[in-house]
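Colleague: Need coordinates for the following:
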Amino acid sequence: MRSIWNGSISFGLVTIPVKTYSATDRTSSVSFVRIHEADGAPIQYRKVCELDGEEVPNEEVGKGYQPPGDDIVVPITDEDLSRLPMPTAKTLSILAFVDPAEIDPLQLDKAYYLGPNGASAVKPYALLREALEHHEKVAIGKVALRGRETLAMLRAHDGALVMHALLWPDQVRPAEGIAPEDVKIRENEMKLAEMLMDSLGALDPAELHDDYREAVEELVAAKLAGGGPVTPDTAAPGARVIDLTAALEKSVRAARGAGADGEAASVTPIRGRGTAAKKATAKKSTPKGEPRRAAAGGKGATSKAGKANIGKTGDSSAAAGNAAAKKSARAKRTSKTTAT
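Modeller: Now for the predicted structure:
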């Protein structure tokens with residue numbers, strides 16, 4: 001790995017010579033070149049002077065500063081910049097040690113590895129690294145990178161020191177007018193949200209990859225082979241009114257793998273929720289491949305009870321009819337005897 005900046009860390013009266021290496025690699029991300037659609041030739045970018053319209057060679061390109069809200073451009077030379085007082089030009093000056101939670105992630109910019117530069121830097125380098133880890137702090141300082149001064153955060157990571165360039169506080173825009181206000185969250189919704197967070201489990205970095213880049217590579221390979229891949233329709237569905245509680249409940253079941261039919265989590269519309277809930281309950285209570293059994297007090301039980309009652313009613317009616325017939329026959333015999 002090639003170093004991109006040599007300097008030192010100023011830690012009180014201790015100076016630690018370091019070399020700086022880029023900690024990230026963005027070359028693997030998808031990037032496109034601009035082409036002329038008529039013939040497919042790449043389009044070149046040329047530096048053209050706005051005054052005379054002539055192309056300007058690189059050796060004639062300089063720096064200028066345009067004050068905000070002004071049309072005047074003030075030329076600035078490298079000699080002008082070299083005369084400016086910049087004590088952080090070759091030194092990362094540590095100003096304070098703070099809790100990592102005090103750093104707003106919005107301020108984080110590009111990351112760099114810092115390594116000891118020379119044998120004399122090894123021990124103080126290791127001491128600062130161990131002190132940061134043991135004390136669970138990060139160092140905040142200032143350093144000049146690429147001709148400008150910036151805030152920097154220094155932390156221990158994987159046995160090395162990592163420097164994050166930070167945006168200045170006034171470079172972070174406030175979120176005024178963006179966040180909704182006066183939203184009431186019910187207790188069961190909060191519990192379901194927390195259950196869903198716990199059910200998703202830990203993140204495995206080895207499983208993270210750029211699906212879009214892989215799709216682009218497959219597309220390019222197919223075009224080189226003389227065709228084009230058939231891509232599924234992945235159009236995003238329109239906005240729907242959702243039942244938040246039902247969506248959370250189903251998401252928790254899907255995350256835990258407890259869904260009876262193995263369906264992925266989705267959003268349940270508010271309309272028809274009762275019908276969907278009844279169908280889901282009936283489906284869940286009846287395992288696949290088994291006949292549905294009537295529960296106690298259910299429809300099947302009621303039908304059987306009804307048949308039993310009908311049978312009993314029929315028996316009672318028959319007994320009552322026999323008794324009436326016998327009584328009528330006795331009455332007839334009595335009336336004949338009386339007549340005689």
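Colleague: now stretch 10-26: how far from the chain's centre is it?
Modeller: 32 Å (Cα atoms, centre = their mean, to the nearest Å).
Colleague: Pull up the distance across that stretch, start to finish.
Modeller: Using Cα to Cα, to the nearest Å, the span of stretch 10-26 from its first residue to its last is 30 Å.
Colleague: Then stretch 47-67?
Modeller: For stretch 47-67, the first-to-last residue distance is 22 Å (Cα to Cα).
Colleague: Just give the number of residues close to Ile140.
Modeller: 17 (other Cβ atoms under 10 Å). To be clear about C-beta, it is placed using only N, CA and C from the backbone, and glycine gets the same treatment.
Colleague: That one: what's it in contact with?
Modeller: The neighbours of Ile140, taking Cβ atoms under 8 Å, 6 or more residues apart in numbering as the test, are Ile94, Leu95, Ala96, Phe97, Val98, Ile103, Leu151, Ala152, Met153, Leu154, Leu166.
Colleague: between those, which is closest to Arg129?
Modeller: Taking Cβ to Cβ as the measure, Leu154 is the one of these closest to Arg129, at 9.5 Å.
Colleague: out of the contacts of Ile140, which are inside strands?
Modeller: Assignment to strands by DSSP state E places the following of the contacts of Ile140 there: Ile94, Leu95, Ala96, Phe97, Val98, Leu151, Ala152, Met153, Leu154, Leu166.
Colleague: I'd guessed the fifth one sits against Lys137; true?
Modeller: Yes. In this structure, Val98 sits in contact with Lys137. The criterion is Cβ atoms under 8 Å, and the distance is 6.5 Å.
Colleague: quick one, which of those two is more surrounded?
Modeller: Under the neighbour definition other Cβ under 10 Å, Val98 and Lys137 were set side by side, and Lys137 has more, 18 against 13.
Colleague: pLDDT and distance to Pro57 added to the contacts of Ile140, as JSON lines?
Modeller: Output for the contacts of Ile140, formatted as JSON lines (pLDDT from 0 to 100; distance: Cβ to Cβ, whole Å):
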{"residue": "Ile94", "pLDDT": "94", "distance to Pro57": "43"}
{"residue": "Leu95", "pLDDT": "93", "distance to Pro57": "43"}
{"residue": "Ala96", "pLDDT": "94", "distance to Pro57": "46"}
{"residue": "Phe97", "pLDDT": "96", "distance to Pro57": "49"}
{"residue": "Val98", "pLDDT": "95", "distance to Pro57": "48"}
{"residue": "Ile103", "pLDDT": "93", "distance to Pro57": "43"}
{"residue": "Leu151", "pLDDT": "94", "distance to Pro57": "36"}
{"residue": "Ala152", "pLDDT": "95", "distance to Pro57": "36"}
{"residue": "Met153", "pLDDT": "96", "distance to Pro57": "40"}
{"residue": "Leu154", "pLDDT": "96", "distance to Pro57": "41"}
{"residue": "Leu166", "pLDDT": "95", "distance to Pro57": "36"}
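Colleague: With respect to Ala175, which of these is nearest?
Modeller: Taking Cβ to Cβ as the measure, Ala175 lies nearest Ile103 of the contacts of Ile140, at 17.2 Å.
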